[in-house]
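Asker: Give me a 3D structure for the following:
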Amino acid sequence: MTSMSVLTEENRASLLRASTATLTTALFKRGLRNTAIQGVLPLNRAAARVVGMAYTLRYIPAREDLDHIGVFQDRTHPQRRAVEEIPPGHVLVIDSRKDPRAASAGGILITRMMMRGAAGIVSDGGFRDCPDLEQLDFPVYCARPSAPTNLIHHHAVDINMPISCGDVPVYPGDVIVGDGEGVVVIPAAIANEIAAEAAAMTDFEDWVEARVREGRSTFGLYPPDEATRAEYERWRASAAAIHAPAASAAS
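Answerer: Alright, predicted model coming up:
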């Protein structure tokens, strides 16, 4: 397991607000290029965004003498253990080898994780029971629906070890953030720093978008030149002054 830098509540709130697009840019500035899990989208776009620490499950190809329907009677089966052992607030991230021919999990197991307080689930393969999962108020990301049971193509081998998901390395404890565009993986050691940077980037980008809607050109605005930076800082100072009296009154 990686060393963990636990997110502060303020930074967790920042990650819930920041887009995965902004986060991948913040990570790219630090030289991290491969952070967006490829080929996954949310099943229920109305569900809440996801922020949580990674808890991992790894599959290898199934083999007929080992993967039969009776294995689910074994309470040490890694998939079933993952469902019952994932800590609250964590995201189950599944390495299905980008193979959606059989499900990584289904509606009953995912609902169980939701009821246990998990934050979400991500697989680079498929899930079954997708018509139900599309209505579930729980962040579920996968490549596509897949009705066949996991045993047909997947053999669960271990939990909470480093994995690959959608070509991205995921270590237990990494911070997982998902929105309508997909899922990004933030190394645990820099999660708080990335969250703070993303919050500042989001504020600036919101301001830039407002200027663009006013008819401004992006030249000199995005990325900002020196004049734009000065204009933005004046705007920030003015906005802070407006909100300061209200904050004082509330306290």
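Asker: Flag the shaky bits of the stretch 1-150 of the chain, pLDDT-wise.
Answerer: Per-residue confidence for the stretch 1-150 of the chain (pLDDT under 70) gives these ranges: 1-5.
Asker: Tell me where it has strands.
Answerer: 41-42, 50-61, 90-95, 120-123, 126-127, 140-142, 144-145 (DSSP state E, counting those that start in this stretch).
Asker: can you list contacts of the fifth one?
Answerer: Okay, so that is strand 126-127. Outside strand 126-127, the residues within contact range by Cβ atoms under 8 Å, 6 or more residues apart in numbering are 43, 96, 100-106, 110, 133, 140, 142-146. For the C-beta atoms, the positions are set from N, CA and C on the backbone; glycine is no exception.
Asker: Go again with 10 Å.
Answerer: 43, 94, 96, 99-107, 109-110, 121, 133, 140-148, 150, 153 (Cβ atoms under 10 Å, 6 or more residues apart in numbering).
Asker: Can you list which of those residues are found in helices?
Answerer: Residues of the contacts of strand 126-127 located in helices (DSSP state H): 107, 109-110, 133.
Asker: Pipe those into CSV and attach neighbour count and distance to Q38 per row.
Answerer: As requested, the ones in helices among the contacts of strand 126-127 are exported to CSV (neighbours: other Cβ atoms under 10 Å; distance: Cβ to Cβ, whole Å):
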residue, neighbour count, distance to Q38
G107, 18, 25
L109, 22, 24
I110, 25, 21
L133, 23, 21
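Asker: Dump stretch 215-231 to CSV, restricted to CA.
Answerer: This file holds the C-alpha atoms of stretch 215-231, laid out as CSV (Å, rounded to 0.1, in the frame of the first residue of the first chain):
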residue,chain,number,x,y,z
GLY,A,215,-17.5,38.4,-26.1
ARG,A,216,-13.8,38.5,-25.1
SER,A,217,-11.2,36.8,-27.3
THR,A,218,-9.2,33.9,-25.7
PHE,A,219,-5.9,35.5,-26.9
GLY,A,220,-4.2,36.9,-23.8
LEU,A,221,-7.1,35.6,-21.7
TYR,A,222,-6.5,31.9,-21.8
PRO,A,223,-3.7,31.3,-21.1
PRO,A,224,-3.5,34.7,-19.3
ASP,A,225,-1.0,37.4,-20.1
GLU,A,226,0.3,39.8,-17.5
ALA,A,227,-2.6,42.2,-18.0
THR,A,228,-5.2,39.5,-17.6
ARG,A,229,-3.6,38.2,-14.5
ALA,A,230,-3.7,41.7,-13.0
GLU,A,231,-7.3,42.1,-14.0
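Asker: And it, what's buried?
Answerer: Within stretch 215-231, the residues that qualify as buried are 221-222, 228, counting by 16 or more other Cβ atoms under 10 Å.
Asker: go on, stretch 40-59?
Answerer: 40, 42-44, 47, 49-59.
Asker: circling back to that earlier point, closest to G178 out of the buried residues of stretch 215-231?
Answerer: Nearest to G178, judged by Cβ to Cβ, of those is Y222 at 25.3 Å.
Asker: how close does that closest one get to A26?
Answerer: According to Cβ to Cβ, to the nearest Å, Y222 and A26 sit 16 Å apart.
Asker: And A230, by the same measure?
Answerer: Where A26 is concerned, A230 sits at a distance of 23 Å (Cβ to Cβ).
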